[in-house]
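> coords below, sequence missing:
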């Protein structure tokens, strides 16, 4: 019973659940039906809205296209506006406002670039042609402005302005004429002391301002525009024609002359030597001041265009450099002669001094020819100097000068050679450089010593030949004594002593003494024979005296008188002749007089003492004993003074 009740309850519940599920299904079917109805309606609505959406999108696209077109139009109009502004400035010209003019050119270039990129623009070709024509006109105006500006500020440099840039030691003195380094016409560059050279090496040079610094940036901007326009060649020609003539005129004002090789060959040596001194001065001024100033101008105007800078500098300086180097070349190729050695060394020195400066200023491929020309001249000067140096020894030995020094003094050749040798020591560093260049060996000091010794020996050989011109053997030895003594004294007082050595000095001092002894022997032997007792024995008749001063038959009065007469005559002849001879060195002259007196006076006193009484007791004793020993000593003091040089050659 209880089970049956339970089953009924479950059946009821199941029926209720089934009924509930059926209701839910019915509701779901209705909802699905309603939703399906909505989907259909939305689809119809979307279909109805599509034409409106399409029209809205088209309108939006049209607006976007209009905006883009307006923007392009604005850009085009802006470019046309820029072009009009630039055109106005360009037509106005660069004179009023160069900076604004250059800005207009830049704008015009940008304008051209813009229209080149707008190939679809219908009027593109016309606009571009107009802009290019305007740009060409603008650049042409710039060329004219560059030329005008460069011309107006390119003035020749006055010599005084150049001298102001020199170190004090190289500036002309106030009383010197023209451009010489001193009033004697000797250029300061010819001072070859090592101290002076050191000072010159460390000296400061101040190049002149050739164009005002405020103008250089303007010229640079103009040059830059011309280069960008492809007008490099026109720029080069304008710069070269303007600056080169100014540079040449500056050198002309300084005193530089255009001289051909023929002009140089025709000149007297004195004139040529002065011109060489000037040339050395001009080279230093040109390279260290004038060309240095020109390089500064080139570097600033053409900054950023290195090859153009070097080419312009080369073109501007080429003519001036050529004028300077051609003179040096004419000297280097002229006929060699001993007196040219020192000027050749001077010229070689200045070229060596300027070597690094030339390398620095004339750098780059465009300046190669100028550099090679300068260094070629240096080598030619060195070669000619070395050959001239080698010629000198032979020239000394073979010198055939007929000039006879009648008084036996120092021959001009001797003083010339000694001065030559002394001057060589002022060029020791230069000669060392020469020896190294051509021999590539060490020991240049020994080479100089060897050459100097050979020159000295050549001089002695020549003097030996010249001494044979004298008929009087005493004068021959006096001449050699004077000349070799001059050589020894000069060497002892110069740097040559260290080079030749004490042995050379002592050896030649002995030679001087030997010639002095030979002079006494040959000059005084005959007169000393008159004071000898030999040959005074009586040959019969007449009074006689003994050799001890007493009366004897040992000496003939007549022979004694004859001896006195002969002595007087010979001494007077010697006095007359040898007072015309010369011993220029005071110490040597006094020592030679003393050496003669030490032999002559004791012999004379002794002779007078022994044989004087025989004459004094006779008639007219003063006729025979004319001179006292003091008289002779006084007259000896007049020997070797070089008096009355117009006497005929002996």
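On my side now, so go ahead. The structure presented is a predicted model; accordingly, all values stated were derived computationally and were not measured. Numbering: from 1, shown residues only.

> How confident was the prediction at the most centrally placed residue in the chain?
What sits nearest the mean C-alpha location of the chain, by CA atoms, centre = their mean, is residue 350, with 3.0 Å. Note for residue 350: predicted pLDDT of 95.

> May I ask which helix or strand encompasses it?
If you go by DSSP states H and E, residue 350 is part of helix 341-353.

> For that helix, name the packing helices and strands.
helix 269-285, helix 306-333, helix 368-397, helix 428-439 (3 or more CB pairs under 8 Å, 6 or more residues apart in numbering; DSSP states H and E). Using the backbone N, CA and C atoms, a C-beta is placed for each residue, glycine as well.

> The residue nearest to the centre of the chain against residue 285, yeah?
No: taking CB atoms under 8 Å as the definition, residue 350 is not a contact partner of residue 285, at 10.9 Å.

> quick revisit: how far off helix 269-285 does the helix holding residue 350 point, in degrees?
10 degrees (axes from the mean of the first three to the mean of the last three CA atoms, to 10 degrees).

> Just the buried residues of helix 341-353, please?
Buried residues in helix 341-353, counted by 16 or more other CB atoms under 10 Å: 341, 342, 343, 344, 345, 346, 347, 348, 349, 350, 351, 353.

> Ok, stretch 492-502 next?
In stretch 492-502, counting by 16+ other CB under 10 Å, buried: 494, 496, 499, 500.

> Where do the helices of the stretch 101-250 of the chain begin and end?
Applying DSSP state H, counting those that start in this stretch to the stretch 101-250 of the chain gives helices spanning 124-153, 159-164, 194-201, 216-228, 232-254.

> The helices and strands packed on helix 341-353: which one's closest to residue 583?
Set against residue 583 and scored by CB to CB, the helices and strands packed on helix 341-353 come closest in helix 368-397, at 23.6 Å.

> Can you tell me which helices and strands the closest one packs against?
Packing partners of helix 368-397 (3+ CB pairs under 8 Å, 6+ apart): helix 306-333, helix 341-353, helix 355-361, helix 412-424, helix 428-439, helix 444-467.

> which one of these has the lowest average pLDDT?
Mean pLDDT is lowest for helix 428-439 among the helices and strands packed on helix 368-397, at a mean of 77.

> can I assume residue 256 is in contact with residue 282?
Yes: using CB under 8 Å, residue 256 is in contact with residue 282, at 5.3 Å.

> Residue 570: neighbouring residues, count only.
Around residue 570 sit 16 other residues, with neighbours defined as other CB atoms under 10 Å.

> Kindly apply the preceding question to residue 239 instead.
By other CB under 10 Å, 26 other residues sit near residue 239.

> residue contacts, residue 377?
Counting by CB atoms under 8 Å, 6 or more residues apart in numbering, residue 377 touches 325, 328, 329, 332, 351.

> Make JSON lines out of those and add distance to residue 379.
Below are those laid out as JSON lines (distance: CB to CB, whole Å):
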{"residue": "325", "distance to residue 379": "12"}
{"residue": "328", "distance to residue 379": "12"}
{"residue": "329", "distance to residue 379": "11"}
{"residue": "332", "distance to residue 379": "9"}
{"residue": "351", "distance to residue 379": "9"}
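
> Of all pairs in those, which one spans the longest distance?
Greatest spatial distance among the contacts of residue 377 (CB to CB): 329 and 351, at 11.3 Å.

> separation between residue 502 and residue 456?
Look at residue 502 and residue 456: by CB to CB, to the nearest Å, they are 15 Å apart.

> again but with residue 292, I slipped
Taken as CB to CB, the span from residue 292 to residue 456 is 45 Å.

> How about the residue nearest to the centre of the chain: what's its closest non-neighbour residue?
Spatial nearest neighbour of residue 350, excluding adjacent residues (CB to CB, 6 or more residues apart in numbering): residue 280 at 4.9 Å.

> Surely the one you found is in contact with residue 352?
No: shown here, residue 280 and residue 352 do not form a contact pair, counting by CB under 8 Å, at 11.9 Å.

> Understood, closing this out.
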